[in-house]
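Engineer: next input, structure requested:
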Amino acid sequence: MNKELIIERLFQLLIAGERDSARRMVDEVLELGCTHEELTTELYWPIMEMVETLYRNDQLTTIAHRYATRLLRSFVDQAQSNYTQKTRRNRKICMFCGPAEGDELSAQIVADLAEADGYEVYFAGGGVANDEILYEVGQQNPDVLLMFAAAPSDCPQIRELIDTIKEIGACNRTQFAVGGGVFNRAPGLAEEIGADLWATTPSELLGRLDAEPDRRADENQRTVGRSRRDGQMAA
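Structural biologist: Residues are numbered from 1 along each chain as shown. So this is what the prediction gives:
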């Protein structure tokens with residue numbers, strides 16, 4: 001199976017809105033022995049990233065972007081219903097994301113895969129204010145607070161959220177993880193805003209959550225907003 005060729009062919013069908021042809025192609029890939037998890041991580045995820053990159057760079061029309069994201073969402077939903085559910089880990093993840101469609105779709109992919117990997121997942125999507133997230137995190141006391149963002153404008157809210165939770169001493173056991181477009185495009189940004197853990201793909205993220213549950217940010221790694229915080233402490 002030539003993955004690059006399949007990705008290119010499926011991408012062209014998706015941006016053209018060719019629903020029936022795209023479905024037939026997915027069925028053909030499954031007949032070749034691809035699992036539903038592999039469909040998501042090896043095809044849908046890279047196609048989604050390609051669609052978002054081209055759209056962000058004005059190389060894709062709004063119609064093509066809408067065709068692709070809506071078809072991809074339906075495929076992701078179908079794949080999720082066929083994932084193999086692993087033994088429960090007794091670990092809880094609360095997930096939120098940026099307001100854009102790409103944020104919602106990428107976060108949904110991770111939420112579905114994490115749930116299949118044994119986590120208890122609470123996924124609220126985008127557009128949730130920090131005060132509501134703070135309240136929910138306090139109620140759920142999750143093992144992981146996972147934030148997905150594609151736009152640089154989302155980062156100040158995430159940084160403020162991490163700062164506030166740490167400053168009030170809530171949920172001391174919660175690990176702060178981030179992912180999504182802006183963190184992929186800006187190496188070091190996740191570390192700078194105080195995240196404990198970050199990754200560029202769903203598989204990498206799940207691997208790190210499994211291997212590094214006790215990883216916490218070193219105070220020295222945080223640079224964004226440090227001058228403001230240090231000034232407050234001095235005052």
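Engineer: and the residue nearest to Asp154 when sequence neighbours are not counted, how close does it get to Leu146?
Structural biologist: Using CB to CB, 6 or more residues apart in numbering and skipping the chain neighbours, the partner closest in space to Asp154 is Gly98 (4.4 Å). C-betas here are computed from N, CA, C, even on glycine. According to CB to CB, to the nearest Å, Gly98 and Leu146 sit 13 Å apart.
Engineer: repeat that for Thr69.
Structural biologist: 21 Å.
Engineer: ok, Val137 next?
Structural biologist: Relative to Leu146, and taking CB to CB, Val137 is found at 11 Å.
Engineer: give me the more crowded residue out of those two.
Structural biologist: A count of neighbours by other CB atoms under 10 Å puts Leu146 above the other of Val137 and Leu146, at 27 against 19.
Engineer: part of a helix, is that one?
Structural biologist: No: counting by DSSP: H, G, I helix; E, B strand; the rest coil, Leu146 is located in no helix; its state is strand.
Engineer: who does it bridge with?
Structural biologist: Met95, Ala177 (DSSP bridges).
Engineer: pLDDT score assigned to it?
Structural biologist: Predicted confidence (pLDDT) for Leu146: 95.
Engineer: so who does it touch?
Structural biologist: Contact analysis of Leu146 by CB atoms under 8 Å, 6 or more residues apart in numbering lists Ile93, Cys94, Met95, Phe96, Val110, Ala177, Val178, Gly179.
Engineer: part of a helix, is the fifth one?
Structural biologist: It stands for Val110. Yes: using three-state DSSP, the assignment for Val110 is a helix.
Engineer: that's all I had, so thanks and see you.
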